[in-house]
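Undergrad: here you go, sequence then predicted model.
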Amino acid sequence: MTLEDLGWNAAFAAEFAPYRAAGWQPARLIRDNKITYGALLADGEELEVTMSGKVYHEAGTDAELPAVGDWVALELGGPAGETMIRARLTRQTCLSRKMSGRSTEEQVIAANVGAVVVVTDAGPDFSLRRMERYFAIIGKSRARAVVLVNKADLFPEEQNRAAAEAIRALQPSADVHITSAEKGTSLKVLRQYLRRGVSMTLVGSSGVGKSSVMNHLLGEEYQWTDKVNATTGKGRHSTTARELIVLPGGGILIDNPGIREVHMWTDETTLRERFADIEELAGQCKFHDCKHGTDAGCAIRAAMAGGTLSAARFAGFLKLEDEIEELQLSRKKRQMTGDRHIRRSQQNKARKYAERRDQEHDHEPPRRRG
């Protein structure tokens, strides 16, 4: 195994040059153990490593901390005998979502991946609105979008084909394939994305067959899977932790836990690129500030009435737009709160310094007159 097998390239090498001069070693993170990380070296050796305090304190958010897929600089056997992460290299791609719940924090799903494979099916999991969300965050990541309409053996051929065609119409740049991990049919299409040094991550709801896809590519039962529930069409197994796996035939996979909710982590520009058709229609409205409700001459409303624009797609666009606006507002409020804390801290330090200076002045012995 070499660094290139793990995804190393000229850009990473150039950035790493000063760290190499310090005697540190490059490694790629393959597992996040919460307190420690699993790191893979060029010779294939796996080490348990710890993040240094400097890396932790210099990270402005949790998303800037090392994550699975990141390249890092390691000091082997540091002062306390531990192998420490001394720096994280700049990510070339980064798939993120907003953390679930009320948090406004970014959650990194996978770093430095060339392709993001969304695994779904034509049955209970099929949702174009969810696919819109996946395409939005994949677009932000700068990775290639690939979709598997999986478990084809469980649904009629017409249903599988209709689902694939609907996804292609939604995102023409995405590669969409109908597959069956259970029968092993068509999964060979993934091999075209898994070249030496190229990383791919699997995402999707729990039970859509991601682990079965993983097993097929690995050629062994790497992930335990269970029988499919006859009612829901879903398996009971789901991956519980992110992990990077180097495939025997070349290429790299990052497995992920099932994603129940695809919370947005993107920006207005990326969103509008995903919905260019709606943007084009909005430009045709009679009034530039058209609210697309009861305003006269609304091109979007006319398109929905004429059947050229799905009302569900437009509703999904509005919902995503609202989420992004809410996320940006929450982040702005949080930034303002953080700025206030910094100013108060600086004011307190200045006041304490002034008080200490005054006390020292009061205790100075009187100077003798010459």
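TA: Looks like it arrived, so ask away. Numbering: from 1, shown residues only.
Undergrad: residue 352 sits in which helix or strand?
TA: Remark: residue 352 resides in helix 311-362, with elements defined by DSSP states H and E.
Undergrad: looking at that helix now, give me its mean pLDDT.
TA: Here helix 311-362 scores 67 as its mean pLDDT.
Undergrad: can you check stretch 83-100 too?
TA: On average, stretch 83-100 scores 86.
Undergrad: please compute how far stretch 195-203 lies from its chain's middle.
TA: 14 Å (CA atoms, centre = their mean, to the nearest Å).
Undergrad: tell me which stretches of the stretch 201-350 of the chain form strands.
TA: All strands of the stretch 201-350 of the chain, identified by DSSP state E, counting those that start in this stretch, fall at 243-246, 252-255.
Undergrad: tabulate those strands (JSON lines), appending mean pLDDT.
TA: Shown next, in JSON lines, are the strands of the stretch 201-350 of the chain (pLDDT from 0 to 100):
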{"stretch": "strand 243-246", "mean pLDDT": "86"}
{"stretch": "strand 252-255", "mean pLDDT": "85"}
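Undergrad: out of those strands, which is the most enclosed?
TA: Ranked by mean neighbour count, these are led by strand 252-255 with a mean of 24 (mean count of other CB atoms under 10 Å). The C-beta positions use only the backbone N, C-alpha and C, and glycine is treated the same way.
Undergrad: so which of the strands of the stretch 201-350 of the chain is nearest residue 95?
TA: strand 252-255 (9.0 Å; CB to CB).
Undergrad: pairing partners for that closest one, with directions?
TA: Sheet pairing for strand 252-255, assigned by DSSP bridges, gives strand 199-203 (parallel), strand 243-246 (antiparallel).
Undergrad: just the C-alphas of that strand, formatted as PDB.
TA: What follows is strand 252-255 as a C-alpha-only set of coordinates in PDB (Å, rounded to 0.1, in the frame of the first residue of the first chain):
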ATOM      1  CA  ILE A 252     -11.800   3.500  -1.000                       C
ATOM      2  CA  LEU A 253     -15.300   3.400   0.700                       C
ATOM      3  CA  ILE A 254     -16.500   5.500   3.600                       C
ATOM      4  CA  ASP A 255     -19.500   3.800   5.200                       C
END
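Undergrad: got the contact list for that strand?
TA: 6-7, 68-69, 110, 113, 194, 197-202, 210-211, 214, 217, 223, 239, 242-247 (CB atoms under 8 Å, 6 or more residues apart in numbering).
Undergrad: repeat that for 7 Å
TA: Residues from elsewhere that reach strand 252-255 (CB atoms under 7 Å, 6 or more residues apart in numbering): 6-7, 68-69, 110, 113, 198-202, 210, 214, 217, 239, 242-247.
Undergrad: low-scoring stretches of the stretch 151-300 of the chain, by residue?
TA: Across the stretch 151-300 of the chain, the ranges flagged by pLDDT under 70 are 185-186, 219-241, 256-274.
Undergrad: tell me which stretches of it form helices.
TA: Here the stretch 151-300 of the chain has its helices, by DSSP state H, counting those that start in this stretch, at 157-170, 210-218, 268-274, 276-282, 299-306.
Undergrad: export those as JSON lines, with columns for distance to residue 179 and mean neighbour count.
TA: As requested, these are arranged in JSON lines below (distance: least, CB to CB, whole Å; neighbours: other CB atoms under 10 Å):
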{"stretch": "helix 157-170", "distance to residue 179": "9", "mean neighbour count": "16"}
{"stretch": "helix 210-218", "distance to residue 179": "8", "mean neighbour count": "22"}
{"stretch": "helix 268-274", "distance to residue 179": "24", "mean neighbour count": "16"}
{"stretch": "helix 276-282", "distance to residue 179": "28", "mean neighbour count": "15"}
{"stretch": "helix 299-306", "distance to residue 179": "33", "mean neighbour count": "16"}
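Undergrad: ok, which of the ones you listed comes nearest residue 48?
TA: helix 210-218 (22.8 Å).
Undergrad: now the closest one, how far from the centre of its chain.
TA: For helix 210-218, the distance to the chain centre is 21 Å (CA atoms, centre = their mean).
Undergrad: then stretch 129-144?
TA: On CA atoms, centre = their mean, the centre of stretch 129-144 falls 10 Å from the chain's centre.
Undergrad: give me the mean pLDDT for that stretch.
TA: Averaging the model's pLDDT scores along stretch 129-144 yields 87.
Undergrad: who wins for proximity to residue 127 among the strands paired with strand 252-255?
TA: Set against residue 127 and scored by CB to CB, the strands paired with strand 252-255 come closest in strand 199-203, at 13.9 Å.
Undergrad: who touches stretch 286-296?
TA: With contact meaning CB under 7 Å, 6+ apart, stretch 286-296 is reached by 297-298, 300-301.
Undergrad: buried ones in that stretch?
TA: 290, 292 (16 or more other CB atoms under 10 Å).
Undergrad: please apply the same query to stretch 147-154.
TA: Neighbour counts over stretch 147-154 (16+ other CB under 10 Å) mark 147-152, 154 as buried.
Undergrad: format the residues you listed as TSV; extra columns: distance to residue 84.
TA: Putting these into TSV (distance: CB to CB, whole Å) gives the following:
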residue	distance to residue 84
147	40
148	39
149	44
150	41
151	44
152	47
154	48
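Undergrad: closest to residue 97 among these?
TA: residue 147 (17.1 Å).
Undergrad: state the distance from that closest one to residue 108.
TA: Applying CB to CB, to the nearest Å, the value for residue 147 to residue 108 is 22 Å.
Undergrad: and for residue 247?
TA: Using CB to CB, one gets 22 Å for the distance from residue 247 to residue 108.
Undergrad: neighbour-wise, which of the two wins?
TA: Taking neighbours as other CB atoms under 10 Å, residue 247 and residue 108 compare with residue 108 leading, 23 against 17.
Undergrad: much appreciated, bye for now.
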